[in-house]
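S.K.: sequence and computational prediction follow.
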Amino acid sequence: MFIGIDWASERHAVCVLDQAGTRVTAFQIPHTADGFTQLISRLRRLGQPAGLPVAIERPDGRLVDRLLEAGHPVVPVTPNAIKAWRDAEVLSGAKTDAGDAMVIAEYLRLRRHRLRALAPFSPQTRALRAVVRSRGDLVEARVAATNQLAATLDAFWPGAVAVFADVESEIALAFLARYPTPASAARLGEQRMAAFCAKHGYSGRRSAAELLGRLRAAPEGLAGTVEVAARRDAVLAFVRVLRALNASIKDLDRSVWPPTSVSTRTPRSSRRCHARVRPTPPRCSPSGATAAQPTTTPTPSPPSPAPPRSPSSPASTPPSTSAGRATSASAPRSRSSPTTPATPRRGRPRSTPVPSPAATTTRTPSGSSPAHGSESSGVAGRTACPTTQPSTTPPAS
């Protein structure tokens with residue numbers, strides 16, 4: 001079966017049709033709690049609520065809530081669609097509440113496959129819908145009041161509309177409350193305009209001289225007539241209405257449902273890319289043994305300024321006497337060695353220092369010595385491990 005309800009403010013007309021389109025019953029209920037209960041009980045006699053869809057010309061309201069709570073599929077239909085359907089079906093053009101309920105039920109029976117039923121709303125959804133719709137109504141009222149205020153000012157003082165961009169803004173309303181007539185702004189100068197803008201926190205990019213020029217460039221307003229007093233009262237009344245509407249809209253903007261949760265994500269701007277510290281690779285020690293690898297990742301420390309080094313005299317720096325490894329002064333940082341040719345390296349070219357006799361020591365062959373031609377990497381560069389020790393004895397003359 002199919003049920004059509006013609007909604008009204010005091011009484012609702014109900015019509016029930018079967019699968020063939022024959023009217024099963026028709027009645028009216030009052031818009032009261034007892035009327036809603038009577039509707040639910042009479043529909044329950046016809047069958048299960050899930051198998052009795054109801055079409056109505058509005059998607060919300062207490063009647064719709066009661067039908068959804070009872071388990072009826074509620075299908076909202078647009079009044080324009082019902083009007084066009086009635087004009088095509090009812091040739092006489094007669095319009096009654098019972099006839100409209102029957103047209104709605106017939107529309108549901110024939111076009112149910114193209115209509116969508118309402119889903120029960122959660123409390124959060126209903127609260128959000130109430131706030132959004134109320135705000136929309138207030139915005140429409142503000143637009144209407146703004147147009148009426150602009151029309152009133154155009155009739156006797158066009159310059160007041162041209163001073164600021166939006167006549168419903170707070171700075172424009174404050175200006176109209178202080179200067180509601182042309183006579184009240186007759187002695188308004190540049191200094192007073194600047195003081196007024198500073199007092200009310202004007203954030204526009206127009207100077208006081210430019211704002212005053214807009215006021216003077218408009219057609220001259222009325223002055224010295226009885227109409228001006230009446231217009232003044234009308235302007236002040238619209239100013240009070242617009243201020244109240246602006247405050248109400250701001251209050252509804254703060255009424256957000258559900259409450260916005262605080263995000264715990266770290267902003268991208270606060271993320272820091274931590275430096276990756278690589279362990280120091282093994283280096284060739286003077287004794288022929290390989291330096292031990294560190295077991296833990298060293299903590300990065302700020303680099304200390306290196307002492308100036310002259311490319312022409314690499315041996316001028318005193319060598320270090322560290323027992324475990326060669327220092328930067330004693331061991332050359334060049335990739336070249338007496339036995340291994342140097343490999344080109346990207347970046348700024350460096351001069352190849354000549355190894356000093358102090359840096360050359362007699363190495364003892366060991367099982368841990370690197371193979372012939374092998375290299376080990378350091379932090380600042382790669383140092384080749386020579387397989388044969390150059391002789392330090394000067395050649396005989």
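M.R.: Alright, I've got the coordinates.
S.K.: list the contacts of the residue nearest to Glu170 when sequence neighbours are not counted.
M.R.: Leaving out its chain neighbours, the residue that sits closest to Glu170 by C-beta to C-beta, 6 or more residues apart in numbering is Asn246, at 7.0 Å. Glycine gets a C-beta too; all of them are placed from N, C-alpha and C. Contacts for Asn246 (C-beta atoms under 8 Å, 6 or more residues apart in numbering) come out as 142, 168, 170.
S.K.: now do Leu52
M.R.: Applying C-beta under 8 Å, 6+ apart, we find Leu52 in contact with 1, 3, 43, 46, 72-73.
S.K.: and with 6 Å instead?
M.R.: Taking C-beta atoms under 6 Å, 6 or more residues apart in numbering, we find Leu52 in contact with 1, 3, 43, 72.
S.K.: one more: Val132?
M.R.: Val132 neighbours (C-beta under 6 Å, 6+ apart): none.
S.K.: now do the SS call for it.
M.R.: Using DSSP: H, G, I helix; E, B strand; the rest coil, the three-state assignment for Val132 comes out as helix.
S.K.: what's the separation between it and Ala145?
M.R.: To Ala145, Val132 is 21 Å away according to C-beta to C-beta, to the nearest Å.
S.K.: now the residue nearest to Glu170: which helix or strand?
M.R.: Under the criterion DSSP states H and E, the helix or strand holding Asn246 is helix 226-254.
S.K.: now do the helix or strand hosting Leu138 against helix 226-254, angle only.
M.R.: If you go by DSSP H and E, Leu138 is part of helix 123-156. Put simply, helix 123-156 runs at 160 degrees to helix 226-254, going by axes from the mean of the first three to the mean of the last three C-alpha atoms, to 10 degrees.
S.K.: hmm, back to that, make a markdown table out of the contacts of Asn246 and add distance to Val103 and neighbour count.
M.R.: Below are the contacts of Asn246 laid out as a markdown table (distance: C-beta to C-beta, whole Å; neighbours: other C-beta atoms under 10 Å):
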| residue | distance to Val103 | neighbour count |
| --- | --- | --- |
| Arg142 | 38 | 18 |
| Glu168 | 43 | 20 |
| Glu170 | 50 | 16 |
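S.K.: out of those residues, who's nearest Asp253?
M.R.: Closest to Asp253 out of the contacts of Asn246 is Arg142 (13.0 Å), distances taken as C-beta to C-beta.
S.K.: who's in contact with the closest residue to that closest one other than its chain neighbours?
M.R.: In this structure, Arg142 finds its nearest non-sequential neighbour in Leu245, 4.4 Å apart by C-beta to C-beta, 6+ apart. If you count contacts by C-beta under 6 Å, 6+ apart, Leu245 has them with 138, 141-142.
S.K.: do you know the pLDDT at the closest residue to Met193 other than its chain neighbours?
M.R.: The shortest distance from Met193 to any non-neighbouring residue, by C-beta to C-beta, 6+ apart, is to Ala208 (4.1 Å). What the model reports as pLDDT for Ala208 is 90.
S.K.: need the contact list for Ala208.
M.R.: Taking C-beta under 6 Å, 6+ apart as the test, what Ala208 contacts is 190, 193-194.
S.K.: now with 10 Å?
M.R.: Applying C-beta atoms under 10 Å, 6 or more residues apart in numbering, we find Ala208 in contact with 188-198, 202.
S.K.: can you list which of these are found in helices?
M.R.: The helices, defined by DSSP state H, take in 190-198 from the contacts of Ala208.
S.K.: dump these into a markdown table; add pLDDT, neighbour count and distance to Leu212 as well.
M.R.: Converted to a markdown table, the ones in helices among the contacts of Ala208 look like this (pLDDT from 0 to 100; neighbours: other C-beta atoms under 10 Å; distance: C-beta to C-beta, whole Å):
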| residue | pLDDT | neighbour count | distance to Leu212 |
| --- | --- | --- | --- |
| Glu190 | 90 | 14 | 6 |
| Gln191 | 92 | 9 | 10 |
| Arg192 | 92 | 15 | 9 |
| Met193 | 91 | 21 | 5 |
| Ala194 | 92 | 16 | 9 |
| Ala195 | 92 | 12 | 12 |
| Phe196 | 92 | 18 | 10 |
| Cys197 | 91 | 19 | 10 |
| Ala198 | 91 | 10 | 14 |
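S.K.: out of these, the closest to Ala119 would be?
M.R.: Closest to Ala119, out of all of the ones in helices among the contacts of Ala208 and judged by C-beta to C-beta, is Cys197, at 52.4 Å.
S.K.: how close does the closest one get to Trp157?
M.R.: Applying C-beta to C-beta to Cys197 and Trp157 gives a distance of 20 Å.
S.K.: next one: Leu222
M.R.: When Leu222 is compared with Trp157 (using C-beta to C-beta), they lie 7 Å apart.
S.K.: follow-up on the earlier one: which two in the contacts of Ala208 are spaced the farthest apart?
M.R.: Spanning the widest gap among the contacts of Ala208 are Gly189 and Tyr202, at 16.3 Å by C-beta to C-beta.
S.K.: right, I'll call it a day here.
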